[in-house]
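1. One predicted model, sequence on top.
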Amino acid sequence: MVSKICCIGAGYVGGPSMAVMADSSPGVDIEVVDVDQQRIDAWNNLNGASLPIYEPGLQQVLDRVRGHNLHFSTDVAGAIRRADMVFLSVNTPTKHRGHGAGSAADLTFIEKAARQIADSAQGATIVVERSTLPVRTADGLRRILDCSTNARFEILSNPEFMAEGTAIDDLQNPDRVLVGGQCDATVNALAGIYANWVPSSRIITTNLWSAELAKLTANAFLAQRISSINAIAGICEATGADVEEVRRAIGADRRIGAEFLKPGPGFGGSCFKKDLLNLIYLAEHYGLDEVARYWRMVLDLNGWSQKRISQMIVKALFGTLRDKRIAVLGFAFKADTNDTRESPAIGICRDLLHDGASLSIHDPRVDDGAMRSLLSMSDDGLPAVGGFEKAASVETACDGADAVLILTDWHQYKQLDWADLASRMRQPGWVFDARRGTNLAEAESHGLDTWQIGRGGMN
C-alpha cells in the first residue's frame with residue numbers, strides 16, 4: 001500500500017497535480033521537492049510570495065491540503081528515502097545543442113533525478129514518469145536505478161493530460177488517467193490512488209511504451225487540429241467565408257468533433273512544439289522520413305499563422321510601423337495562465353518591433369520582467385528597432401494607439417468598451433482580432449477599421 005509519495009519537481013506539472021492528489025487522497029502523505037529554494041518558498045507563500053504559477057482554483061485546493069498531507073521542501077534526498085512512490089515531474093525541454101538539437105528532448109534533469117533516486121531510495125520504490133518523455137525512456141531510467149544497492153524499483157508511465165488555464169478541473173475531473181507499466185501489482189497500486197476520485201471507467205492501463213507514446217501523440221493531434229483550422233481561416237478570409245460557420249458545420253460531424261477547431265494566432269505553451277519536435281525526431285530516428293515531414297508541416301503552418309498577422313498589420317498601417325503605437329491585448333499563450341512559453345505573442349510582437357512599432361502591452365497576469373526578457377531581441381538576434389512597455393490597463397494601452405491587436409482570449413477582452421477606446425485612439429484606427437473574442441460591430445460603429453481571423457468581407 002502506498003502511503004508516502006515524493007514528487008521531484010515543483011513546476012507546472014508537479015505542484016497542481018500533487019495538490020489535487022493530496023486533496024482527493026487524505027490517507028496519502030505527499031512531499032513535493034525542488035532544488036530551487038525560491039520556488040519552494042513561493043509554493044509555501046513565504047514572505048508574501050505569490051504562487052509560482054497562476055491557475056484558477058489552485059489556491060483553494062492548496063489552502064485545504066498544504067501543511068496537512070501536502071508539503072513543499074528542498075529536502076530531495078530525505079523525501080525520496082521516505083517515499084514508497086516517487087513521481088518524476090521535472091522539465092524536459094528541447095535540446096539546443098549536440099546530437100538531436102532542435103528536435104530531441106533534453107533528458108538532463110530526468111537523468112539527474114534518476115541518479116538521486118538510485119542514491120537515496122530505500123527498499124521497494126515505485127518510480128513514476130510524470131513528465132512528457134520520449135518512448136523507451138524507461139529503459140535508460142532502469143539502467144540507472146539498477147545501480148542502486150539499497151532499493152529495488154518498478155517503473156510506471158503516468159503522463160499528465162491537463163491543459164493550462166483549466167488544469168485543476170482537468171485533474172479533478174479527467175477525461176482519462178493513463179497508467180502504463182510492466183508489473184500488474186504496481187500498475188494497480190497507482191490506479192488505486194486515482195480511484196479515490198476518478199471513476200474506474202476513466203482509468204486506462206497499458207504497457208509502458210504505449211503510455212509514453214500516448215502523450216506525444218495526443219499533443220501532436222491537438223496541434224495538428226489547431227494548424228488545420230488556422231489554414232482554413234486563411235482561405236475563409238480570402239473567399240468571403242466565415243471560419244466560425246465552417247467550424248460549426250464540420251464540428252457537428254461526430255467523426256471530427258468541435259474541440260480544438262477554434263482559430264487563433266497559432267498554438268503555444270510548453271507542450272505542443274516540444275512534443276511535435278520530439279515526435280519528428282523519433283520518426284527520423286526510425287527512418288520514417290515521410291512521417292517526419294508530415295508533422296513538421298504542422299509546425300511550419302503554426303509559424304505561418306503568426307507571421308501573417310504581423311505582415312497584415314504592416315500592410316494595413318500604410319506599409320510602415322515607424323511612429324505607430326499598437327495596443328497589444330494579451331501576452332500569455334492562452335487565457336487563465338501566466339505562462340508565456342512559446343506564446344504566439346512573442347513572435348508577433350518581435351516582428352512588429354522589428355518594423356519599428358511602439359507597443360503598449362496589456363496582460364492581466366504576465367509581469368513586466370517576463371515581457372522584457374522575451375522581447376529584448378528580435379528573432380534574427382538583432383536589437384529591436386521599436387520599443388515596448390507594459391500597460392497598467394486596457395485604456396492606458398489604447399491611449400494614442402493606431403491599432404489594437406487582441407492576441408490572448410482573456411474574458412475581459414470580450415467586454416471592451418469600444419466607444420471609450422475608439423475615442424482614445426488616433427484615427428484612422430484599426431482593430432485586429434486574432435481570437436474572435438470581441439464585438440467588432442461595435443468597434444466599427446465608432447469608426448474603427450477591423451479584421452477578424454477567419455472572416456471574409458471585413459473592412
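-> Perfect, thanks for sending it. Remember, it's a predicted structure, so these values are computed and weren't measured experimentally.
2. Tell me how this structure divides into domains.
-> 4-206, 299-452 (automatic domain parsing).
3. right, and these - which one's nearest E284?
-> Across those, E284 has its closest neighbour in domain 4-206 (7.4 Å, Cβ to Cβ). To be clear about C-beta, it is placed using only N, CA and C from the backbone, and glycine gets the same treatment.
4. Quick check: end-to-end length of that closest one?
-> With Cα to Cα, to the nearest Å as the measure, domain 4-206 spans 24 Å from end to end.
5. Could you give the separation of it from the chain centroid?
-> Relative to the chain's own centre, domain 4-206 is displaced by 17 Å; criterion: Cα atoms, centre = their mean, to the nearest Å.
6. Stretch 352-370 now?
-> Per Cα atoms, centre = their mean, the centroid offset for stretch 352-370 relative to its chain is 20 Å.
7. again, but for stretch 229-241
-> 26 Å.
8. for the helix or strand where R372 lies, packing partners?
-> R372 is part of helix 368-375 when elements are defined by DSSP states H and E. On a contact count with 3 or more Cβ pairs under 8 Å, 6 or more residues apart in numbering; DSSP states H and E, helix 368-375 meets helix 344-354, strand 387-390.
9. so what strands line up beside the shortest one?
-> On the basis of DSSP bridges, the sheet neighbours of strand 387-390 come out as strand 358-362 (parallel).
10. for the residue nearest the centre of the chain, what are its contacts?
-> The centre of the chain sits closest to G269, judged by Cα atoms, centre = their mean, with a distance of 2.9 Å. Neighbour list for G269: 164, 333-334, 339, 341-343 [criterion: Cβ atoms under 8 Å, 6 or more residues apart in numbering].
11. For the helices and strands packed on helix 368-375, could you give me CSV that also reports mean neighbour count and distance to A214?
-> Below are the helices and strands packed on helix 368-375 laid out as CSV (neighbours: other Cβ atoms under 10 Å; distance: least, Cβ to Cβ, whole Å):
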stretch, mean neighbour count, distance to A214
helix 344-354, 24, 26
strand 387-390, 18, 39
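12. In a markdown table: the ones you listed, plus mean pLDDT and distance to F72.
-> Putting the helices and strands packed on helix 368-375 into a markdown table (pLDDT from 0 to 100; distance: least, Cβ to Cβ, whole Å) gives the following:
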| stretch | mean pLDDT | distance to F72 |
| --- | --- | --- |
| helix 344-354 | 96 | 30 |
| strand 387-390 | 94 | 30 |
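13. Quick one: these as TSV, columns for distance to R130 too.
-> Listed next are the helices and strands packed on helix 368-375 as TSV, based on distance: least, Cβ to Cβ, whole Å:
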stretch	distance to R130
helix 344-354	27
strand 387-390	34
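14. re earlier: can you tell me how far the residue nearest to the centre of the chain is from L301?
-> 17 Å (Cβ to Cβ, to the nearest Å).
15. swap in K262?
-> 16 Å.
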